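Student: Sequence and predicted structure are below.
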Amino acid sequence: MVAVKELCKSLVQPLLAVFIGLLTGAVVIAAVGESIIGTYQELWKGAFGSFYFFSSTLARATPIMLIALGLALAFRAGVFNLGAEGQMVLGAISATLVAIYLPAPGIVKMLAALVTGIAMGGLWSLMAGYMEAKFRIPLLISTLLLNYIAVLFASYLVTEPFQDKGGSAALAQTVMLDKSIWLPKLFAGMSVHAGFLIALAAALLLFWVLRFTPFGYEVKMLGQNPFFAQYGGIQRIKVMLTGMFASGAFAGLAGTVEVLGSHYRFVDGALTVPNFAWTGLMATLLANSNPIGVIFTSILLAAFQTGAMGVERNTEVPLELASVIQAVLILFISAKFSYTWWKQRKKKGGNTHGVA
Amino acid sequence: MVHRLEMREMTKKYGDFTANDKVSITLGEGEVHAIVGENGAGKTTLMRMLYGMEQPTSGEMVLHGKPVVFRGPDDAIRHGIGMVHQHFMLFGEFSVAENIVIGYEPSKSGFFQRKEAVAKVRELSEQYRIPVDPLARVASCSIGEQQRVEILKVLYQGADIIVLDEPTAVLTPLEVKDLLKTIRHLADSGKSVILITHKLQEVMEVADRITVLRGGKVTGSVAKEETDVDDLARLMVGRELQQLSERLPLDGKPLLQVENLTIRDKQLLLDRVSFAVHHGEIVGIAGVSGNGQSELLQAISGLRTVQEGTVRLGGVDVTNQSVAKIRETGLSHIPEDRYLWGAAKTESVEENALMGYQRKAAYNRRGVIARDAFRRVVQEWVKRFAIKTGSRQLQEQAGNLSGGNLQKLIVARELGHQTAFLMAAEPTRGVDIGAMEYIHQALIEKRNSGDGILLVSSELSEILALSDRILVMYKGKIAGELSRAEASEEKISVLMAGGSIHGSSQRAM
Amino acid sequence: MEWLDWSLISSTIRMVTPILLAALGGALCSRVGIFNVGLEGLILVGAFSAIVGNHFTGSLILAVLIAAAASVLFSLLFSYMTIGLKANEIVVGVAINFLALGITTFALRAIFDVKGAFYDKDMAGLPRLEIPLIHDIPVVCEIISGHSPLVYLAFLAAILLYIFLYRTVTGFRVLAVGMNPVAARSLGLKATRLQVMAILLCGVLCGVAGAQLSLGQVTMFTEGMTAGRGFIALVAMMMGQSHPLGILASSLLFGFMDALSIRLQGFSIPTQFTSMLPYVLTIAAMFFLKEKNRGVGSNQ
């Protein structure tokens, strides 16, 4: 009961923000001189218009969802991890290399790749956490900087030592993975793959952990008031580091399933150009860090992106329509109006009796 | 006769709650007018309206015979009203002179004339006999100096009416004496002073006129000559205070043993502090805040590392252990600042109550917190301490509870751990009388059941009412120890100010 | 050491300009208690608007003004969201970055009908100023002379900001608002107004930074051409403790690393490693950054 109520509560503001986002989109479309309704119809069709498009939307939502789940955990603990991109890329490249070079049967290799992806993403993130705990280097900055380093390093690996030299054009990518390692598609000929199920299961697991276990309680209290948490015996650094590792691990898993389920090789830029990491961040913010909410917001944002591709195919409106709508969404989700804003105002008045 | 200031039938409502109900006061030239009342009586609300920080629901203010409305503090300042807040409004990194002139800086075509500011501050300081060093950085000034900076600031702003909100709470007895002298001097030079306080001795010493508030209403307004401390106390509380339970004579074994505890952080914060708390005993630590009490509490509870010395709890060495470990060994802790350390304002009553219980076997079913079992326990606490949680009961946000009710929740939570040792820091700061009685009674009962309590409080009356033994802290050291029988407000005051008393042992073991 | 010569210093001065300008803007925000993660987006908007302004007006002065105005518009949005609607400043900053990237790319298609980059060979970039007096002094001339006016403006801005903060009354109040907003309000200082003013000024500085990027260093606009400079500016701001002269020093360090990484590309080191250099060194530098900037919290 409480869970359902909380879910509804966490959905009010997103819906309002979606509305304002679409309104802004309408202005932008009008500015290019296209039909607003027509464009939005194309947007809808591109995302949900057929089972094929719908499955593409789900496939795109998969890495976004995983990243968003990791960030939801970090944000709950009050830790601002902006390094999902680097964690994802590093997890993906490590997993790919294991999948290519580990001498083992297919299924073992696949599992080894998944574990490696998770571990590398987690460790990269843990490093930033450690630097904050030990040397007080702000996470906000270190995670951002580590992104560039990880992405450039991965790019180096696939342009130099591990480049696929076989093709005629020397693209920056690894060789194709063996078919036995591929994550199976859920429907023949469709893009959505088993990674989506992994993401769904992860969302449910995270929801359970955060809501019912002592660890979830500790994460939440640390995020709400770190002093109170410490006073109560919660080990701030331990929970923070665990949170950082877990959120990085989710990002690493995101990159890994994207490689094993969609690209079947590590292609330089294939994970960064679609902006999975920042979209994941937005999905978390939209869902107010609620893991179940993240399922919906990830699909929603993915739908904007796949929909916008449809828009670009069939109208004169550029693809970036999606970025504009998304950014406005986030701007308005972060504003504390609607009832949250109202409640804050009321509380301000209410608090003053304590002072009198 | 035209008064300098009249506040007529001031009423302020927050929703259903009436903070001020038709409060009227008058203030003449050269008058010191004390407004006294318990926490929550409405003193601060009244002053916030006078200072333009709140708009009254109804009522009017008349200044020099003319009705006025203040839209904000700057408006009030322009009309000659100055406020020295309880929590100083200072800029630590700025100099004393900069803090005094801010908002009305001497300038030449937009450039700040700092030399001129220093000269003006010197002049003002001499005129009103309030000594300060204009060039000192405020963060490095003592609390007493900072308060003088605040007073000079309102004088610089040209205030004729100076409001002092609980000015003596943070001062040493010696500084209090100086402050009272300053207040008298200001009044004699024609300023009017409004003094907000709940310390009746001081009121009788310095005020000309006294208005007593209770529950947002005026219960009396009298000239000093016509009243006395007992009279005022009756008006303030409105009923006889409940008697605390008898304290049973107990002679217990040592429970908490602190030896040579030393903390250094750039400077010496705790200096070889040694004492013990026994079973069935309340040991009170008195002292002006900022003399090492916070550090001592944090060191014992594991929130701060110590450089030297040991802390033993029930015979177990817990020096520099984690908070969780120390709590497990047998510590519960009512923290000194309930909003900073004691609660998460944005979380529910239930979540706040759960802190420290989340991993206890009794509330754990296969890795999951047993919410139902725990909720029943919290409901017990709510009943026992008469905690008013509001309409959403256990799901109400903790920040929406009044100070007293939140404090009762924290006390209930910590008592619920049923540890032999409890640290209670400022357990009744800022709570109403009803809550205070509940909390004091609970502490006495815990003592009578054979547990040990370390009580830290800056309220001498609380220390004297509860403690079996009293230690006084001064500059990070135990300055002296007094037994319950020999303790008196005067003796403690002397020790708090760094003096010494004959016949009291300096070793506090 | 053939890669180390005087022109490296000269290119440092050129590279440092956008970072310095944006970091000064960020410092203004942090001085009033606001951590502005949106610098990256503000620069990008400035860079794009400068090109648009130049394209349609043909005037470089107008182009720079338009760049500043566009960034101010975005910082107005930032201040309305953070101060007016009390939204989390980091979230808003991230959103501003996104919006800037989306809108500039979108408008690039809508206005110029190109994808990726816009380049017009007839478009004039910012002129290079030859400083008359030092013209004949060999090394000094090479370093100091021959930059775009905005480069000199950036260094001037650092000094002006210093004078503003530490010598003027308004600057004094700006510092007060950042140090203790509650106290500032209780004095009747217009804290909100000062905060908004600081954010808008930050917009101007970032807009000019963008103009230097698109009209000073090159004469073109490419999608996301800021390439993390806004974030580097943030780090420079933190390293410089939000003090104008400290920022000048830390920005020069980053500018130098930027210039160095470009210089090293001519050698047999993989480009990824040379591009990585500024970030690695920044992290290394932060180990020595003892006093933490107050504006940064890890709390959401």
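Tutor: Received the coordinates, thanks.
Student: Count the neighbours of residue 179 for me.
Tutor: The chain I'm using is chain A. 8 (other C-beta atoms under 10 Å in any protein chain shown). Heads up, the C-betas are built off the backbone N, CA and C, glycines and all.
Student: To clarify, I was referring to chain C.
Tutor: Neighbours of C:M179 under the rule other C-beta under 10 Å: 18.
Student: Surely it and B:E98 touch.
Tutor: No - between C:M179 and B:E98 there is no contact under C-beta atoms under 8 Å: 10.8 Å.
Student: what does the stretch 301-450 of chain B put close to chain A?
Tutor: Contacts of the stretch 301-450 of chain B with chain A, taken as C-beta under 8 Å from any C-beta of the partner chain, map to B:301, B:303, B:322-324, B:327, B:333, B:335, B:340-347, B:351, B:354-356, B:358-359, B:364, B:367-369, B:397, B:399-400, B:402-403, B:430.
Student: Which of those residues fall within strands?
Tutor: Members of these lying in strands (criterion: DSSP state E): B:H333, B:N364, B:V368, B:I369.
Student: Filter the residues you listed down to the buried ones.
Tutor: By neighbour count, with 16 or more other C-beta atoms under 10 Å in any protein chain shown, these hold B:H333, B:N364, B:I369 as buried.
Student: before we move on, the earlier item: overlap in contacts, C:M179 and B:E98.
Tutor: Applying C-beta atoms under 8 Å, 6 or more residues apart in numbering or on different chains, one finds that C:M179 and B:E98 are jointly contacted by B:F91.
Student: List the residues that contact B:L406.
Tutor: Neighbours of B:L406 in contact, by C-beta under 8 Å, 6+ apart: B:R338, B:G342, B:A343, B:A398.
Student: mind checking how far it is from chain C?
Tutor: Distance of B:L406 to chain C, given as C-beta to the nearest C-beta, to the nearest Å: 21 Å.
Student: before we move on, which element is that residue in?
Tutor: helix B:403-416 (DSSP states H and E).
Student: same deal with B:V193?
Tutor: B:V193 is part of strand B:192-197 when elements are defined by DSSP H and E.
Student: what is the rounded mean pLDDT of the following helix or strand past that strand?
Tutor: Downstream of strand B:192-197, the next assigned helix or strand under DSSP H and E is helix B:200-206. When pLDDT is averaged over helix B:200-206, the result is 87.
Student: which parts of helix B:200-206 are buried?
Tutor: Buried, per 16+ other C-beta under 10 Å, within helix B:200-206: B:L200, B:E202, B:V203, B:V206.
Student: cool, and stretch B:382-399?
Tutor: B:V382, B:F385, B:I387, B:T389, B:L394, B:E396, B:Q397, B:A398, B:G399.
Student: Going by distance to A:V158, which of the buried ones among the ones in strands among the residues of the stretch 301-450 of chain B next to chain A wins?
Tutor: B:I369 (46.3 Å; C-beta to C-beta).
Student: Isn't the closest one up against A:R211?
Tutor: No - between B:I369 and A:R211 there is no contact, the gap being 9.3 Å when judged by C-beta under 8 Å.
Student: Find the residues that touch each one of the two.
Tutor: By C-beta under 8 Å, 6+ apart, no residue touches both B:I369 and A:R211.
Student: Show me which of the buried residues of helix B:200-206 is closest to A:T143.
Tutor: B:E202 (54.1 Å).
Student: my guess is that closest one contacts B:I183, does it?
Tutor: No - if you go by C-beta under 8 Å, B:E202 and B:I183 don't touch, sitting 9.4 Å apart.
Student: which residues are in contact with both of those two?
Tutor: With C-beta under 8 Å, 6+ apart as the test, B:E202 and B:I183 both reach B:L195.
Student: next one: phi and psi at A:A104?
Tutor: phi -160, psi 160 (degrees, to the nearest 10).
Student: burial measure for it, as a count.
Tutor: Neighbour count of A:A104, defined by other C-beta under 10 Å: 12.
Student: got a pLDDT number for it?
Tutor: 81.
Student: What's the local residue count around the closest residue to chain C within the stretch 251-356 of chain A?
Tutor: In the stretch 251-356 of chain A, the residue found nearest to chain C is A:S323; the distance is 2.8 Å by C-beta to the nearest C-beta. By other C-beta under 10 Å, 25 other residues sit near A:S323.
Student: Mind checking what secondary structure the nearest residue to it once chain neighbours are set aside has?
Tutor: Nearest non-adjacent residue to A:S323, counting by C-beta to C-beta, 6 or more residues apart in numbering or on different chains: C:G102, 2.8 Å away. The three-state label for C:G102, taken from DSSP: H, G, I helix; E, B strand; the rest coil, comes out as helix.
Student: again with B:S274
Tutor: Applying three-state DSSP: B:S274 is strand.
Student: can you tell me how far the closest residue to chain C within chain B sits from chain A?
Tutor: In chain B, the residue that lies nearest chain C is B:D74 (2.5 Å; C-beta to the nearest C-beta). According to C-beta to the nearest C-beta, B:D74 and chain A sit 20 Å apart.
Student: Confirm that that residue sits in a helix.
Tutor: Yes - counting by three-state DSSP, B:D74 is located in a helix.
Student: number of nearby residues for it?
Tutor: Using other C-beta under 10 Å: B:D74 sits among 18 other residues.
Student: Please apply the same query to the one 4 residues further on.
Tutor: Applying other C-beta under 10 Å, we find 14 residues neighbouring B:R78.
Student: where does A:P63 land on pLDDT?
Tutor: With respect to pLDDT, A:P63 scores 95.
Student: For the contacts of B:L406, pick the one with the most neighbours.
Tutor: Among the contacts of B:L406, B:A343 has the most neighbours (other C-beta under 10 Å), with 30 neighbours.
Student: Looks like it contacts A:N225 (just checking).
Tutor: Yes - judged on C-beta under 8 Å, B:A343 makes contact with A:N225 at a distance of 7.3 Å.
Student: the helices in chain A, which residues?
Tutor: A:2-32, A:36-48, A:51-76, A:84-101, A:106-135, A:139-159, A:194-212, A:214-224, A:226-231, A:236-258, A:276-286, A:291-314, A:321-334, A:338-355 (DSSP state H).
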